[in-house]
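# Give me the fold of what follows.
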Amino acid sequence: MMKNNVPMILMTGLLAASLPALAHHGDAGRYEDNVVVMTGTVVELQLITPHSVVVLDVPDENGKMVRWMAEMGGRTAMIKEFGWNKDTVKPGDKITLTGRKVKSGAPYMNLTDRANIVMTDTGKEIFRTGNYGTNTPKRPALQQGPAPEN
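A predicted model of the protein is given here:
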């Protein structure tokens, strides 16, 4: 009787092992290939799992404010890899983001690939993915502090 159950046990084990891979979605085809740069005012930072989100108001071409959401890595990654905390960006802060917009046209942006965030008023970069700079649009250079003295 046990011999007949071996294929079923193996199939159940393979299915169980594949569930974590199915749980996390890829973004292939969901976001535009080209990155865009936009500046807005922070409304809220949500350091959550599976993806942290910055909510911000961005003026459209007519000056009307549009509420955008920008998706980043999960809470743990944002804390460990980038040193973020609940006060890294606060409501009212002006930030400039480089990332990929969702293809549907919704006000939603992905900041997990070829992305960065800069504090607009100071030019301080507070977030950058490892592959930032690949096919990114030209933008003004970041403000630098004084050169170190020799």
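# burial count for Ile126?
16 (other CB atoms under 10 Å). For every residue, glycine as well, the C-beta is placed using N, CA and C.
# cool, and the one 4 residues further on?
Residues near Gly130, counting by other CB under 10 Å, number 9.
# So what does it have for phi and psi?
phi -60, psi -20 (degrees, to the nearest 10).
# Can you tell me how far it is from Ala77?
Distance, Gly130 to Ala77, using CB to CB, to the nearest Å: 12 Å.
# for Asp113, same thing?
Where Ala77 is concerned, Asp113 sits at a distance of 14 Å (CB to CB).
# Buried residues in the strand ranked longest in the chain, which are they?
As assigned by DSSP state E, the longest strand anywhere in the chain is strand 36-46. Neighbour-count burial for strand 36-46, counted by 16 or more other CB atoms under 10 Å, picks out Met38, Gly40, Val42, Val43, Leu45.
# Which strands border the next helix or strand after that strand, and is each parallel or antiparallel?
Going down the chain from strand 36-46, the next helix or strand is strand 53-59, by DSSP states H and E. Take DSSP bridges as the rule and strand 53-59 pairs in its sheet with strand 36-46 (antiparallel), strand 65-71 (antiparallel).
# want to throw those into CSV with distance to Asp57?
Listed next are the strands paired with strand 53-59 as CSV, based on distance: least, CB to CB, whole Å:
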stretch, distance to Asp57
strand 36-46, 5
strand 65-71, 4
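# Any chance of CSV for the ones you listed, columns mean pLDDT and distance to Met119?
CSV is the format used below for those (pLDDT from 0 to 100; distance: least, CB to CB, whole Å):
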stretch, mean pLDDT, distance to Met119
strand 36-46, 97, 10
strand 65-71, 97, 14
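# closest one to Ile117 among these?
Ile117 lies closest to strand 65-71 among the strands paired with strand 53-59, at 8.0 Å (CB to CB).
# Export the closest one to PDB, keeping only CA atoms.
Taking C-alpha atoms only, strand 65-71 is exported to PDB below (Å, rounded to 0.1, in the frame of the first residue of the first chain):
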ATOM      1  CA  MET A  65      -2.400  67.600  -7.400                       C
ATOM      2  CA  VAL A  66      -2.500  63.900  -8.000                       C
ATOM      3  CA  ARG A  67      -2.000  61.400  -5.200                       C
ATOM      4  CA  TRP A  68       0.800  58.900  -6.100                       C
ATOM      5  CA  MET A  69       2.000  55.800  -4.500                       C
ATOM      6  CA  ALA A  70       5.700  54.700  -4.900                       C
ATOM      7  CA  GLU A  71       6.400  51.000  -4.000                       C
END
